[in-house]
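Trainee: this one's structure only:
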């Protein structure tokens, strides 16, 4: 029997490739959703956002207060409605209906909160450690999985990054959302000790997934990964650790461009080699110095 890495916490099992040495798996606690970590002042599981008063089976954009918030929406099929700019790093957030909403549990504006819907497998790669592949086809725009873990504060993210050795993996992702001219919201997620299947996803300079911040019950976003194109069964799933930006040599934080999504996946210079093997490979993994500033 194949091992379910989620311990039955997901709708479908997260499988581990057969004939893989279990002793090489990193030790971590599986959590399908974000949890509150050091420096995070808001419990991500707490229901804070107001619910809509829709009485229909599925909400209508013209009348639903959740869908009228700035952001993207889903098609009736559950895929993202507007895929323009997918993978560019400038992703408009999504507001899903939540536990306080009066609409049906099957409302088309409830996608990420339902969790995994496709069978995924964690497998061992030749040069990139662990990876994730899908065991069934994924249509473009489909929600695949979250990048879930501890939501931590800036100081804790910096402390963890500085404490890491040069050969250790840094899983911290920093999401920056810009609302207006001067308001920036920063969210730091670290799935190293507590996380889900997303912690095993590899970087690619030509990825097949892109990340979108999705809010359900709380203003703390869930980092949802969607298919950037039609993905075949048994294909490895990857995303751009830089959030879709040009993977160029690092620049000082004060000179960085306005970024909707960036990552802190490496710890310091010298940069780590990228083994994605794509024609557009930048030769090095993305490096974000902002957490170290």
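Mentor: Perfect, I can see it now. Computed from a prediction, not measured in an experiment: that's the story for all the values here.
Trainee: any idea where the strands of the stretch 51-200 of the chain begin and end?
Mentor: Ranges of strands in the stretch 51-200 of the chain, per DSSP state E, counting those that start in this stretch, are 94-95, 120-124, 130-134, 143-146, 149-152, 173-179, 183-195.
Trainee: what is the burial count for residue 112?
Mentor: Counted with other Cβ atoms under 10 Å, the neighbours of residue 112 add up to 22. For the C-beta atoms, the positions are set from N, CA and C on the backbone; glycine is no exception.
Trainee: distance check, it against residue 55.
Mentor: Separation of residue 112 from residue 55 (Cβ to Cβ, to the nearest Å) stands at 23 Å.
Trainee: do residue 12 as well
Mentor: For residue 12 relative to residue 55 (Cβ to Cβ), the value is 31 Å.
Trainee: what helix or strand is the closest residue to residue 219 other than its chain neighbours on?
Mentor: Sequence neighbours aside, residue 48 is the residue nearest to residue 219 in space, at 6.2 Å (criterion: Cβ to Cβ, 6 or more residues apart in numbering). Following DSSP states H and E, one finds residue 48 outside all helices and strands.
Trainee: likewise residue 18?
Mentor: Going by DSSP H and E, residue 18 is not in any helix or strand.
Trainee: quick one: contacts for the nearest residue to it once chain neighbours are set aside?
Mentor: Nearest residue to residue 18, sequence neighbours excluded (Cβ to Cβ, 6+ apart): residue 2, at 6.3 Å. Contacts for residue 2 (Cβ atoms under 8 Å, 6 or more residues apart in numbering) come out as 13, 15-16, 18.
Trainee: mind running it again at 10 Å?
Mentor: Counting by Cβ atoms under 10 Å, 6 or more residues apart in numbering, residue 2 makes contact with 13, 15-18, 121.
Trainee: just the buried residues of those.
Mentor: 13, 15-16, 121 (16 or more other Cβ atoms under 10 Å).
Trainee: quick one: which of those residues sit in helices?
Mentor: Using DSSP state H, no member of the buried ones among the contacts of residue 2 sits in helices.
Trainee: now flag whichever of those is closest to residue 155.
Mentor: Lowest distance from residue 155 to the buried ones among the contacts of residue 2 (Cβ to Cβ) belongs to residue 16, with 35.1 Å.
Trainee: nearest residue to that closest one other than its sequence neighbours?
Mentor: residue 3 (4.6 Å).
Trainee: so the one you found sits against residue 30, correct?
Mentor: No. Applying Cβ atoms under 10 Å, one finds residue 3 not in contact with residue 30, separated by 11.5 Å.
Trainee: joint contacts of the two?
Mentor: Common neighbours of residue 3 and residue 30, using Cβ under 10 Å, 6+ apart, are residue 14.
Trainee: quick one on the thing from earlier: by pLDDT, rank the contacts of residue 2 and give me the bottom one.
Mentor: In terms of pLDDT, residue 18 ranks lowest among these, with 82.
Trainee: thinking that residue is in contact with residue 122, fair?
Mentor: No. The criterion here is Cβ under 10 Å, and residue 18 misses it with residue 122 at 11.4 Å.
Trainee: tell me, what's touching these two both at once?
Mentor: residue 3.
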